[in-house]
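> Predicted model and sequence below, questions to follow.
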Amino acid sequence: MTLSCEEVRARIVDEDDAAELRAHVDGCLECRSVLAALEEVDGTLAALGPLDAPDALVDKTLAAVRAESPETTAATFAAPPAKEERQEKPREDVEAPSLLAAALAMLGSALGALVTAPVLLVRWLLGVGTPPRPPSASRDASSGESAPRRFGLGPAFAMASLLVVVGLMTWRSFGATVKTKIRGADEVVNGLPTSGDGWQSPAAPIAASAPEEREDVPTASGSFGRRGGLDHHERGELGPMDPATSADLLALGYAASQRGPTTGEGQVALDGDDEIANGEIANAEADRGIYWRDESGADDGSRAPVGATATLLPRAADQDRTVGDFEERPATAPSEPMQGLRGQAIDGLLEGAQRQGPSGVALDQSEIDGRFASDDLQARLTLQERPPIADVPAAWLAAHATTGLAFAPSEGWWSNTYVPGDASLRMLHARLAASTTPLAGGASALALAESASPTTPAVAAPTDRAIAIGVHADTAAIEGPTRVRVEIALRAIEQAAGRRGALRIALVVDGTSGLGEPETEHLRSLLAALSRSLTPRDRVVLTAAGPAGGTLVPLGVLRHGQVEVALRHLASASTITGEQIPVSLSDALASGLEAVSAEDDGAGLALLVTPSGAHDASVDQALHLGAVAGVPTTAIGIGTAASTASLDAIALAGEGRRRLVLGDDDAARVVREELVQASRLVARALRVGLRLAEGVQLVDIVGSHALDQEETRRTRESERAIDQSLARRLGIGQDRDDDDSGVRILVPSFYAGDSHTIVLDLLVARPGPVLDVDVRFKDLVRLGNGTASSALALEAGTAPRGPHELRVIASWLGHDTAAALEEAAADVDRGDVASARARLVATRTLVDQARAEVPGLSGVASTTTDRALLDRFVVALDGATDRPIVAASLHYAAARRQLVPQLQASTP
Amino acid sequence: MGGARVIAISSRARPSTHAGSPERAPRPALGAGIDRALLERHRAGDPEAFPALVAAFRAPVFGYLTRCGVRPADRDDLFQEAFLRVHRAASPGASSELPTGPVAPWLFTIVVNLVRSHFRKATVRKGTTLDNDAQERAVGGEVSPERALETREQLAWLESAMEKLPLEQREALVLAGIEGLELAEAAAVLEVPVDTVKTRVRRARLALAEARVRAGVVAAREEGR
C-alpha cells in the first residue's frame, strides 16, 4: 500500500516508527524537509517563554476586582467600617428594614404587574393604542411584511416584567444581604488567628468595647463576650494583630472587656487547667487568666492580683452557630457543676461543654454547633499564682557563655539538614492522620504536630534565578568576645505557575510474583491515567520484572496499542515455560532508569509499580544510583498486599514518594501529583561554603554534624555525579571537581517555593568581619551554574536588636525546639517519658528566658508558637496513654519545625 | 528503540549550540499548588487570596491571550474581564460551584470562552504581533548572545506563523504545547475529547513545519551548511 506524504507525516508526528514510514521518508525529500522543520518548530515552541502581564495591567485588574467587592476584600479586613456600623444590634433590628423594603417592593411589583398586564393585553387584542413603530419596524412594513399585531404587547410585557424583575432583584438583594451578613461573620471567624499567628487583642479596640459603649452589654457587674484567638493568654507577649481584624473580632463579640470589681477592668481567658464548680472558677492561674487594666487606664499587660475575684456575666446573645471544638451539651442550670474549659470556649463551657482540648477557634476549622450562655449565668474567678520562672536564666546564660566551650573544626563537610523528600514524614503524617484518639490536653496528635512550622527566613524569594541567600546575625554590634548566632537563609524561586517541562518517565512493573486480575486492572488504570496526563513532549519507557519481563515499551510516546500488548504479555507470564529466564527487579529497574537517564530532554522520574513491595539490596542499589543520577523513584503499591514499610523503604532509597493505587481515582491522583512534584525542582547540588574570619570560632552548626571520612567521600561522589549528569543532560558546565576551603554543606536538591535556614553558633572575638558565605548551585531555571554570595560583619559598640536580629534568635530557638522535640521523641520511643518531659521543659525554660531577656522577642510569632508547642507536648506526655502516637507526633513536629513537607504526596 | 525518532533527521539529539535551550528547564506544572483552597479563601474574604491567584496566573493568561492573536488593546480588556469573572464566580455570595481540582483548567475555560466570544464579535485582526512591552517581558532561559539572536528570529517567525493557524489549533497548541496543560485538562477546557486535542496539536505542529519549509528557511540553511 502506498502511503501519502500527509499520512506519513501525521504518523511520524505521533511517534510511529514503522519501517514503511522510514522507507517513505528515505525516498521523499519533501517529507524530510518537513520533518526537519518540525524538529525546529518543536524546539522553538519549547523555547517560547512565558509572557508576563505588565504590572500596571495587573494593578488595574486588582483595582477593578476590589471595586466590585468592597464589602468583602476591603471592608472586612482592610478598612473597618465606622464604629456605629459595628455596634452589634439584635438581628431583628438590623434585618427588619431590609425585610420590609423587600416585601413592599415585591408587593408593589406584583400589583403593578397584575394591573398593567391585563389592561395592556386587552388593548392589544382590540388593537387600540398601538404605539408608533420605530424606524426598524417601518422598514419591515415597507418591505412588504405585515406588521405583527403583538408588537403592542412588547411594552406591556416589558413593563410588567420589569416590575417583577425589580421586585425579584430587591428580594434577591435582601437575601444576599442576609447571606452576606452571616457569611461575613463566618469569614471573620474562619479567619481568626490562632496563637500560632502571634495574635493578641490590642489595647485600643478593647478599650473601645467598654461596656458603656456597647448597647448589648450589661454594665451592672461587668460582662464577657467570647474572646477568640488565643490558646495561651500571655497578654503582652504575643505579636500584634492588625486593628481591622481586631475591630471585626470586637464587633462580633469575640473580644470584650470587663469592669473589674474594684481596681480596674480586665479580661478573662481561661485555660485547660481551669475548672468551674458551682459557679466559681478554680485553679485559674493568674498569668493565664485575667489581664487587668488599672485605674489609670494603662494597659501594660499586667495581670490581675492573685486572689482577686471577678464576676462573670456572659453576654446575652443567641446565635444558632458559632465555632469551637468544644462539645455541645444541653443547657444546664447555673448551679450545675461544670468542668473543663479553655480559651474562648468559655461560652460552650458555661453551657456545660466538657472539653480539655485546645480552644476553639482555628483557621479553616469547620463550624461546630454551639450556643451562647444564658444571660443570668454567673461564675466567679479565684486566681492562683503560677510558679515563677527561675530568677537566674541559667539556660539563656549557658547559651551565651564565652568560656569553657568546645569548638568544631572550621574546615570540612557538614551534614545537610534540608530533606524535603523524606518519605518517612509522609509515613508519620499518614499514621497521625489515622489516629482518632486525642492526646492528653485534647488536641489530636496530627493537629498538635502541625502547629509547628519553620521560621520564615529573612530573604525574599528570587525572581530571576533559582536560589537567593540572606545572612544575618542575632546582634548588629559587639564590644568584645560574644556568642553570636548567624542565620544563613536559602530561598528558592516561587514559580507558582508556569509550564511543566518535558518528563522522561520509567514505569517499572514488578511482575516477579505474577500479576493477578485486580493488579492488572490497577496497572491498566495507572497507565491510562498516565497517558491522559502526558504532554506531547513527555516520553515513557515501560519495563517489567518476572518471567514476562524486559523492556515492554521503549522510550517514546505512550500509545494505547503498545500498552495493551504489554499488559497481555505480562498477563501471559504464567504460560511461559522455564526456558525463559526471569528478569530480576533490579535489572528491570536499572534498565528503565538507564533509559530515562540517557535521554537529554527533560527531567527524569521512575515509578516502581509493585503488588508486594518486595525488594532486596540489589534493588536498593539501583534505586540509589538512579537517585544520584537525578532520577527519583516513587514506589506505587497496587492492591493491598504491599506493606507501607516496604513501600517506604523503596521510596527512601529512591528519594521518591510512597503511593497506593486501589482504583481509577487513585491512579489519576497519583499520576497528577507525581508529575507536579517532579517538576518543582529548581536547583541541584547546592554547595554552601562558609569561611570564618580571623578571631571567629565555630561552636556548632545547629542540627548538623561534621561528616566523617566515609560520609565525606559519599557526599563528594554524589555531588560530582550530579555535576556530570547535568553537564551531560542540560549542558550546564562541570565545576565540582575542585573542593573549597572552609565549612561546606551539600544540599542535593532544592524545590520551588521552599526555604531553609542554617544556624551557626559562633564565638566572635571582636567587632569586624565574621564570615563569608558562598552558595554554588546548578540553576535549573537559568540553566547554568549559579552563585550567591554574602558576607557578615559586626560593628563595634551596642545596638538594639531589630527585626532581623530577633528573627535570627527565633530561628535559633526554633532549631533548638526541633532538636528537643526529636530527642524527646527518641526518649518516648525508648519508653523514657520522664526524660522526654525534662527535655521539653528545659527547652521551654530556655524559650521563656530568651523572651524575658530579649526585648521584642515575645512579639515574634514563631517563638510564641514554639513555646505553646512545647507546653502542649508536656501536657500530652503527662497524660500519655498511647506513647507510640505521642512519639510519632513529636517526630513529625520536629521535622515540620524545620521544613513543611509537601504532603500532596500522602497516601490515600 | 528502533524508532530512535525513526529517522536520522528527526533525531532528538540537538546541536551543542542548543544545549542551553530553555526547553530543558523543568518548570512547575501550570498553577502548581493553586487549588480550590485559594478560591475558597477568596470566597471566605481573605484579601490575600485573589492577588495570589492573579500572581500565579497573570503570565499564563496574558500569554494565552497574546498568542491567540488578541490585539493588545483588546487583550488588556480581556485580561481584566477574565479575572473579574473568576472573582465573580468565587466571590462571597456567589452560587457557582468552585472547581474540585486544580484551578488552571477551570480558569482557562473562562479565558478560552472569552477569547472565542471576542473573535466571534470582532473581525479577526490579521497581522497581530507582539507589542514591545510583551516581548520585553518575555522571560526564558538565559542564553548566549548568538543563540539569543537566533532564538529571537525563530520566536518572531513562530509567533507570526501561529497567528495564521485556525483558532481551534491555536487554542490546543497554546494550552497543551506552551502553557503546559495536560492533554486531559486541555480537553476539558476546550470541551473536546483528548484525542481531538492531540489531533489539533499535531496538525498545528505540522502546519507550522510546512510553513517553515515553504518559507524556505530550512532549505536555505541546509544549503548554507
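Looks like it came in fine.
> Show the contacting residues for B:Ile178.
A:45, A:48, A:499, B:63, B:67 (CB atoms under 8 Å, 6 or more residues apart in numbering or on different chains). The way it works is simple: take the backbone N, C-alpha and C, and place the C-beta from them, glycine included.
> Filter these down to the buried ones and hand me the PyMOL line.
Of those, the buried ones go into a single PyMOL selection, burial set by 16 or more other CB atoms under 10 Å in any protein chain shown:
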select buried, (chain A and resi 45+48+499) or (chain B and resi 63+67)
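> secondary structure element for A:Leu432?
Assigned by DSSP states H and E, A:Leu432 belongs to helix A:423-434.
> returning to that earlier point: please flag which of the contacts of B:Ile178 sit within strands.
Among the contacts of B:Ile178, no member falls in strands (criterion: DSSP state E).
> Give the burial count for A:Leu515, as a bare number.
By other CB atoms under 10 Å in any protein chain shown, 26 other residues sit near A:Leu515.
> wait, B:Ala207
18.
> Among the contacts of B:Ile178, which has the minimum pLDDT value?
Across these, the bottom pLDDT score, 52, is held by A:Arg499.
> For residue 222, give me the pLDDT.
Using chain A. 22.
> that answer is for a different chain, and I need it for chain B
pLDDT, B:Glu222: 39.
> got it, and A:Glu487?
Reported pLDDT for A:Glu487: 91.
> would you say it is within a helix?
No: under DSSP: H, G, I helix; E, B strand; the rest coil, A:Glu487 sits outside any helix and is assigned strand.
> Low-confidence bits of chain B, can you list those?
B:1-35, B:95, B:121-153, B:216-225 (pLDDT under 70).
> repeat that with 90
B:1-78, B:80-81, B:83-225 (pLDDT under 90).
> mind listing the strands for it?
Under DSSP E, chain B gives no strands.
> All the helices of it, residue numbers only.
B:36-43, B:49-67, B:72-90, B:103-121, B:132-137, B:145-163, B:167-172, B:183-190, B:194-214, B:217-224 (DSSP state H).
> Which of these sits closest to A:Arg539?
Within the helices of chain B, the stretch nearest A:Arg539 is helix B:183-190; the backing value is 14.5 Å (CB to CB).
> wait, does the closest one contact chain A?
Yes: counting by CB under 8 Å from any CB of the partner chain, chain A is contacted by helix B:183-190 at B:183-184.
> tell me the contacts of A:Val58?
Applying CB under 8 Å, 6+ apart, the residues contacting A:Val58 are B:54-55, B:58.
> Also compute the angle for the one helix or strand it maps to relative to helix B:72-90, please.
Taking DSSP H and E as the criterion, A:Val58 maps to helix A:55-68. Angle of helix A:55-68 versus helix B:72-90, following axes from the mean of the first three to the mean of the last three CA atoms, to 10 degrees, is 40 degrees.
> Mind listing what's buried along helix A:55-68?
In helix A:55-68, counting by 16+ other CB under 10 Å, buried: A:57-58, A:61-62, A:65-66.
> Which pair of those residues spans the longest distance?
Most distant of these, by CB to CB, are A:Leu57 and A:Arg66, 15.0 Å apart.
> ok, residues contacting the helix or strand just after the helix holding A:Leu432?
Downstream of helix A:423-434, the next assigned helix or strand under DSSP H and E is helix A:445-450. Contact with helix A:445-450 is made by A:358, A:429, A:432-433, A:435, A:438-439, A:441, A:869, A:872-873, A:876, A:885-886, A:888-890, A:892-893, A:896, as judged by CB under 8 Å, 6+ apart.
> Got a quick PyMOL command for the buried subset of those?
Selecting only the buried entries of these in PyMOL, with 16+ other CB under 10 Å as the criterion:
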select buried, chain A and resi 358+429+432+435+438+439+441+869+872+873+876+885+886+888+889+890+892+893+896
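> quick one on the thing from earlier: and the helix holding A:Val58, average pLDDT?
Helix A:55-68 comes out at a mean pLDDT of 82.
> Can I get it in PDB? Just the C-alpha atoms.
Output of helix A:55-68 as PDB, limited to C-alpha atoms (Å, rounded to 0.1, in the frame of the first residue of the first chain):
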ATOM      1  CA  ASP A  55       2.300  45.300  36.400                       C
ATOM      2  CA  ALA A  56       0.100  48.300  35.600                       C
ATOM      3  CA  LEU A  57      -2.400  45.900  34.000                       C
ATOM      4  CA  VAL A  58      -2.400  43.600  37.000                       C
ATOM      5  CA  ASP A  59      -2.800  46.500  39.300                       C
ATOM      6  CA  LYS A  60      -5.700  47.800  37.200                       C
ATOM      7  CA  THR A  61      -7.300  44.400  37.300                       C
ATOM      8  CA  LEU A  62      -7.000  44.100  41.100                       C
ATOM      9  CA  ALA A  63      -8.400  47.500  41.500                       C
ATOM     10  CA  ALA A  64     -11.400  46.500  39.300                       C
ATOM     11  CA  VAL A  65     -11.900  43.500  41.500                       C
ATOM     12  CA  ARG A  66     -11.700  45.500  44.600                       C
ATOM     13  CA  ALA A  67     -14.200  47.900  43.300                       C
ATOM     14  CA  GLU A  68     -16.600  45.100  42.700                       C
END
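> From chain B, how far out is A:His24?
According to CB to the nearest CB, to the nearest Å, A:His24 and chain B sit 10 Å apart.
> My guess is that residue contacts A:Cys31. True?
Yes: the criterion here is CB atoms under 8 Å, and A:His24 meets it with A:Cys31 at 6.6 Å.
> Mutual contacts of the two, please.
A:5, A:8.
> that older thread, among the contacts of B:Ile178, pick out the one closest to A:Ala818, please.
A:Arg499 (36.0 Å).
> which outside residues touch stretch A:517-527?
A:507, A:509, A:515, A:542, A:558, A:563, A:567, A:570-571, A:607, A:609, A:611, A:636, A:638-639, A:661-664, A:666-667, A:670-671.
> do that again at 6 Å, thanks
A:563, A:571, A:611, A:638-639, A:661, A:664, A:667 (CB atoms under 6 Å, 6 or more residues apart in numbering or on different chains).
> The helix holding A:Val58 vs helix B:49-67, what angle?
Using the same axes, to 10 degrees: helix A:55-68 against helix B:49-67 is 130 degrees.
> for the nearest residue to A:Leu675 once chain neighbours are set aside, what are its contacts?
Leaving aside its sequence neighbours, A:Leu675 sits nearest to A:Ser533 (CB to CB, 6 or more residues apart in numbering or on different chains; 5.8 Å). Listed by CB under 6 Å, 6+ apart, the contact set of A:Ser533 reads A:671, A:675, B:182.
> which SS state does the closest residue to A:Ser789 other than its chain neighbours fall under?
Leaving aside its chain neighbours, A:Ser789 sits nearest to A:Asp774 (4.9 Å; criterion: CB to CB, 6+ apart). When the structure is reduced to helix, strand and coil (three-state DSSP), A:Asp774 reads as strand.
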